[in-house]
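Engineer: I would like to see how this sequence folds:
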Amino acid sequence: VRMLGKNCGYWICAYTNDQHQLRTELGGSIFVSPFYRALNDLCVGAVLILGEDSEAVRRMWCGLEAAVAFRASKPYDMASIVGPKAMVMTIQPAEVDYRGESNNKLTVRTAFPKWATRQEGFPQEVLRQLLGTDLRAGKASNVDDINRINYAISKELGGIEGVNNSLHSLAAQALSMLGSVSQEVCDALTLDHKFELLQTTAHALPTLQAGGVFELQNLDQLRVLPGVRNSSEDVTNAILCLSQMRQVRECFLDFRDFPLSIASLHQLVANLASRRELAFLVLRLDRTGISTTGLTVLRELLHPESSLIDLYLDLEDTDIESELRDFAESLGRCLYLATLALGLSCNKIRGDLGELGEGIARCSQLRHLELECKDNRIGGDLQALGAGLGRCPQLCKIGLWFNNNQIAGDLQALGEGIGQCTRLHEIILSFMNNSVEGDLQALGEGLGRCTQLSVVCLDFQNNQIEGDLG
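Structural biologist: Residues are numbered from 1 along each chain as shown. Next up, the predicted model:
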C-alpha cells in the first residue's frame, strides 16, 4: 500500500526487543529506548494490526506507539484480515492509490475513487472496538510499565485523553468512509481538530445531517463518494451538508452516474460559487445527463472573487451541447488558478481552439493544465492554442487530449508556444484523427527549449504531419 519496496525494514517490537530482558532492552527512560527511537526517528509510519478481539487497542504499549506516531505526524494505518485476505486501511490515499495500470502517477481525481474502492469490506467491528478505546484502563504484562507509559504520555505526548481522542477520531473517519455513521461516530469526529474531515458515501449523508447530529459548521473539508444506490436525494443531502458548513476550503464531490437535474446543479454550483474561501474543488459529473446547459451553469464557479487554486472538473459523456467560448472566457476570471483539469470527452461541444487558448492565457498563475476533450466537434487551428500556452511561461505540466475532433493547423505555432514554457517538466499531446499538418522540426525545436523536460508523450496518428524524426 505504501510501496516501500522489498528492501524496506519493519520494526516489530515482539521480535526486536528481547522479551526475557525487557528492562535492559528498554533502558531507564522510554524516550531513549530503541523502541521510541525507531518509531520517532527512523520509521516512515506505523501500522496497527487489529484482530477479531482487537486486543491491541487495550495494550498500553500500543497506545504509546499511537501517541508517538500522532505527535510525529507519521502515517498511522490499520490492518486486519478478511477471510484469507489482508486489508490495510489508510485515512488518506496512499502511494498505491496514485499508481495507474502502467505505473504512471494518477491525479487526485482518479486516486480518491481508487482509494475508496480498495478499502471496501474492511471489518467494521474491529473499528468499533477501536472507537471504544480507553487507555486509562490499558493493560501491560508489567504493572510498572503502565505507570511509566502513563507518565510519558502525560508529560510529552499530549496526555491520555488526547491520545484517546485521536484514536477515536481515526476509527470514526474509517467508519464514516465505509458508510457506517452513528451518533458515536459523529461525536468522535469532532473531538480532535486534526481530523475535522468528513469522508462518506453519499447514501450516509441523511444520517449525518438529520437532527444536527454532526457539527458540520466546524468542518472545512467535504468529500462525498459514490454510494451503492445513487439517487437525486443524495445530491440534495450533499447540498444540505454544504449549507451547514461555515467554511469549505476543500471539496471532493463524486456524483458520477447520478440522476442530476439542472435545478440541482444550479443549487450545487451556487453554493460552491458563494464559498469565497474554497481553494480545492474536485467535481465529477460524468454521465449525469445534465445536457445542454451544463457547461453554462458551471461558468458560475469561475468568477473574479473566487479563491480557487486547484480545479478538477469531469463532465464526460453528459450530452453537453455547447460552445467553448463562454467557458473559456470565464477561465481568465480565476486570478489564483494554478491547477486546471477538465474532462469533457464524448460530448457535443463545439468551438474554436483559439477561444480556449485565449482563456488559458489569462490564467497568469497556471502551472498544471490537463484538458481531455476527445470525441467532440472542436475545430480551429493550433496557432491560437500555442500562443495561449506561450503566455503562461510558468506552466510545469501540460496534458492535452483532443482525439477525434476537427482540429487543423501547423505544428510550428504549437512548438513556438510550448518553447516559451521554459519551466515545463512534463508534456502529453494526443491529437489522433484530426487534420494537423506541418513539420516535426518546429515542434522538436520548441520542446528543445524546455530544458527541464523529463516526460514527453506525443500521439499524432492519422494526421498530415511530415518531417524526419531526427
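
Engineer: the stretch 1-150 of the chain: strands as residue ranges?
Structural biologist: 46-49, 76-82, 85-89 (DSSP state E, counting those that start in this stretch).

Engineer: packing partners of the shortest one?
Structural biologist: What that stands for is strand 46-49. With contacts taken as 3 or more Cβ pairs under 8 Å, 6 or more residues apart in numbering; DSSP states H and E, strand 46-49 sits against helix 60-71, strand 76-82. Where you see a C-beta, it was placed from the backbone N, CA and C, and this is true even at glycine.

Engineer: so which of those gets nearest Ile149?
Structural biologist: helix 60-71 (4.6 Å; Cβ to Cβ).

Engineer: and the contacts of the closest one?
Structural biologist: Residues from elsewhere that reach helix 60-71 (Cβ atoms under 8 Å, 6 or more residues apart in numbering): 13, 30, 36, 39-40, 45-46, 48, 56, 74-76, 133, 135, 138-140, 145-146, 149-150, 152-153, 156-158, 163, 166-167.

Engineer: show the buried residues in the residues you listed.
Structural biologist: 13, 30, 36, 39, 45-46, 48, 56, 74-76, 133, 135, 138, 140, 145-146, 149-150, 152-153, 157-158, 163, 166-167 (16 or more other Cβ atoms under 10 Å).

Engineer: nearest residue to Gly444 other than its sequence neighbours?
Structural biologist: Closest residue to Gly444 apart from its sequence neighbours, by Cβ to Cβ, 6 or more residues apart in numbering: Gly415 at 7.2 Å.

Engineer: tell me the SS of the one you found?
Structural biologist: Per DSSP: H, G, I helix; E, B strand; the rest coil, the local secondary structure of Gly415 is helix.

Engineer: report how many residues lie close to it.
Structural biologist: Neighbour count for Gly415, taken as other Cβ atoms under 10 Å: 23.

Engineer: report the contact partners of it.
Structural biologist: Gly386, Ala442, Leu443, Gly444, Glu445, Gly446, Leu447.

Engineer: ok, Glu372 next?
Structural biologist: Listed by Cβ under 8 Å, 6+ apart, the contact partners of Glu372 are Glu316, Leu342, Gly343, Leu344, Ser345, Gly399, Trp401.

Engineer: contacting residues around stretch 30-47?
Structural biologist: 2, 4, 11, 13, 16-17, 25-27, 64-66, 68-69, 72, 74-79, 88, 148-149, 152, 156.

Engineer: can you flag the buried ones in these?
Structural biologist: For those, buried by 16+ other Cβ under 10 Å: 13, 17, 26, 64-66, 68-69, 74-79, 88, 148-149, 152.

Engineer: which stretches of the stretch 101-250 of the chain form helices?
Structural biologist: Applying DSSP state H, counting those that start in this stretch to the stretch 101-250 of the chain gives helices spanning 108-118, 124-131, 143-156, 159-177, 183-189, 205-209, 232-244.

Engineer: which residues are contacting the second one?
Structural biologist: Put plainly, it is helix 124-131. 48, 50-52, 54, 57, 78, 80, 167-168, 170-172, 174-175, 178, 180, 184-185, 188.
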